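K.L.:
output the structure for:
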Amino acid sequence: EEQEEHCKGTEWESMCFIQQEEVAAWTYHYSTKAYSWNYSREFCQKHYTDLVAIQNKKEIAHLNEVIPYFSSYYWIGIRKVGDTWTWVGTKQPLTEEAENWAEHEPNNKKNNQDCVEIYIKSASAPGKWNDEPCGKRKRALCYAASCQDMSCSKQGKCIETIGNYTCSCFPGFYGPECEYVRECEDLDLPRQAFMNCSHPLGNFSFTSECRFHCAEGYKLNGPSKLECLASGVWTTPAPVCQALQCQDLLAPNRGQVNCSHPLGAFRYESTCHFACSEGSHLVGASVLRCLHSGNWSSPPPECHGKVNSPHLLRNPLRSGCAVVVTLHCPPAAVSLNPRSLARSLLAGGQAAAVREAVSFRDGNAW
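P.N.:
Take a look at the predicted model:
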């Protein structure tokens, strides 16, 4: 490994006491001066990341190989908190599996040995640990994390390793640096629909969101919002717009109805034409249209019976006798004005002569 000194004048005087060992991604650093444990940690945090946090036996072997021997050895990032040995960087307790104590250590002589040194290149116990009073002066053994703010594209967890780092991508991302985003299939615009989408990470990609609504005269069948999931699929299939339904229409009594349904039976834009059988007449609109509101343009029409004029007597006074005429008309039909009828009869007029004398009445005898 290449060793490098950082000496750049009086402004960086403190840096002149730093030596560095680099391993591709994760770098180790140490001071050439000896400090207490507390000052050593401040030193590491100021210039690098923290005192070394040992990951495994492989890392211990690597440190013992690349870091030079120093007679009073090096401080590492373990300290007793309460009665528990703790990694100060992560605040996690030291597990038995991770322990690397020298023989008969930790012994806590004089009840004040709360900090940990590592025996770099010790002849008897290379790489082993020993508890020491925190005020003793030793070199600071630091590390600089290779994981930076932009590591793993900020879309994954950066995991430090010796000589490299790996990325554990968050859901919805993939690639060596988590640089790629999962994509969903493009959405086709449904017929008679409006679609409004937002794409924070790229068109139709993870976290994309599309909202739908229908044109006038149509209603949405399905969800109004779809989201692209981390798996690269939409939350549900896309909705469709269906024409609004009007009430079914039937032919009236004594009549017929003829309908056209361009968008489905009795739906928006359906048109129905009504007609009555011979002898009846239509009351109401002859054409109804299904509107965008889902209602018909008018109430359904009805077919009513047709009323014929009464038969009039020809020359009713020839016999020289009085004539009494009684007319019976159905309700809501028409009856003749009696005075006009009498005048017509006396004059020997025909039925056509009295048609003007018509008024609406119930059936009565005149």
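
K.L.:
could you use CA atoms for every contact and neighbour count after this?
P.N.:
OK.

K.L.:
and the residue lying closest to S122 once chain neighbours are set aside, how many neighbours?
P.N.:
Closest residue to S122 apart from its sequence neighbours, by Cα to Cα, 6 or more residues apart in numbering: Y69 at 7.7 Å. Using other Cα atoms under 10 Å, Y69 has 14 other residues around it.

K.L.:
please apply the same query to C259.
P.N.:
C259 has 16 neighbouring residues, counting by other Cα under 10 Å.

K.L.:
which non-adjacent residue is nearest it?
P.N.:
Excluding the flanking residues, the one nearest C259 by Cα to Cα, 6+ apart is C272, at 4.0 Å.

K.L.:
A145 now?
P.N.:
A145 sits nearest to W26 (Cα to Cα, 6+ apart), 5.4 Å away.

K.L.:
quickly list what the one you found is bridged to.
P.N.:
V23 (DSSP bridges).

K.L.:
doesn't I159 make contact with it?
P.N.:
No: contact criterion Cα atoms under 8 Å: W26 and I159 do not qualify, at 10.5 Å.

K.L.:
what sits in contact with each of these two?
P.N.:
Y165 (Cα atoms under 8 Å, 6 or more residues apart in numbering).

K.L.:
so those two - more neighbours on which side?
P.N.:
Shown here are W26 and I159; by other Cα under 10 Å, W26 has more neighbours (18 against 15).

K.L.:
and E96, what's its pLDDT?
P.N.:
Per-residue pLDDT puts E96 at 88.

K.L.:
next: the one 10 residues further on.
P.N.:
The pLDDT attached to P106 in the predicted structure is 92.

K.L.:
what does S146 give?
P.N.:
Reported pLDDT for S146: 78.

K.L.:
can you get me a residue count around it?
P.N.:
By other Cα under 10 Å, the residues close to S146 number 21.

K.L.:
burial count for I54?
P.N.:
The burial count for I54: 17, using other Cα under 10 Å.

K.L.:
correct me if wrong: it contacts L63.
P.N.:
No: using Cα under 8 Å, I54 makes no contact with L63, being 9.6 Å away.

K.L.:
who touches the residue nearest to C259 in this structure?
P.N.:
So C272 contacts 257-260, 287-289 (Cα under 8 Å, 6+ apart).

K.L.:
what sits against the residue nearest to A145?
P.N.:
By Cα under 8 Å, 6+ apart, the contact list for W26 reads 143-146, 160-165.

K.L.:
can you pick the most crowded of those?
P.N.:
Compared across those, Y143 has the highest neighbour count, 24 neighbours, by other Cα under 10 Å.

K.L.:
wasn't that residue part of a strand?
P.N.:
Yes: looking at Y143 with DSSP: H, G, I helix; E, B strand; the rest coil, it is inside a strand.

K.L.:
next, the nearest residue to it once chain neighbours are set aside: secondary structure please.
P.N.:
Nearest residue to Y143, sequence neighbours excluded (Cα to Cα, 6+ apart): Y28, at 4.3 Å. Y28 falls in the strand class when you classify it by three-state DSSP.

K.L.:
how near is Y28 to W37?
P.N.:
The spacing between Y28 and W37, counted by Cα to Cα, to the nearest Å, is 17 Å.

K.L.:
who has more neighbours, those two?
P.N.:
W37 (29 against 22).

K.L.:
what pLDDT does that one get?
P.N.:
Note on W37: pLDDT of 97.

K.L.:
list the contacts for it?
P.N.:
Shown in contact with W37 (Cα under 8 Å, 6+ apart): 75, 115, 134-138, 140.

K.L.:
again, 6 Å this time
P.N.:
C134 (Cα atoms under 6 Å, 6 or more residues apart in numbering).

K.L.:
quick check on it: phi, psi?
P.N.:
phi -60, psi -50 (degrees, to the nearest 10).

K.L.:
do the same with the one 10 residues further on
P.N.:
Summarising the backbone geometry of H47 under the convention degrees, to the nearest 10, its torsions are phi -100, psi -20.

K.L.:
gap between it and S153?
P.N.:
H47 is 24 Å from S153, by Cα to Cα.

K.L.:
what about those two, which has more around it?
P.N.:
Neighbours were counted for H47 and for S153 using other Cα under 10 Å; S153 has more, 19 against 15.

K.L.:
just for the stretch 151-300 of the chain, where's the confidence low?
P.N.:
162-163 (pLDDT under 70).

K.L.:
can we see that at 80?
P.N.:
In the predicted model, the stretch 151-300 of the chain carries pLDDT under 80 at residues 160-164.

K.L.:
tell me which stretches of it form strands.
P.N.:
Per DSSP state E, counting those that start in this stretch, the stretch 151-300 of the chain carries strands over the ranges 156-161, 164-169, 173-174, 180-181, 193-198, 209-214, 218-221, 225-227, 240-243, 255-260, 271-276, 280-283, 287-289.
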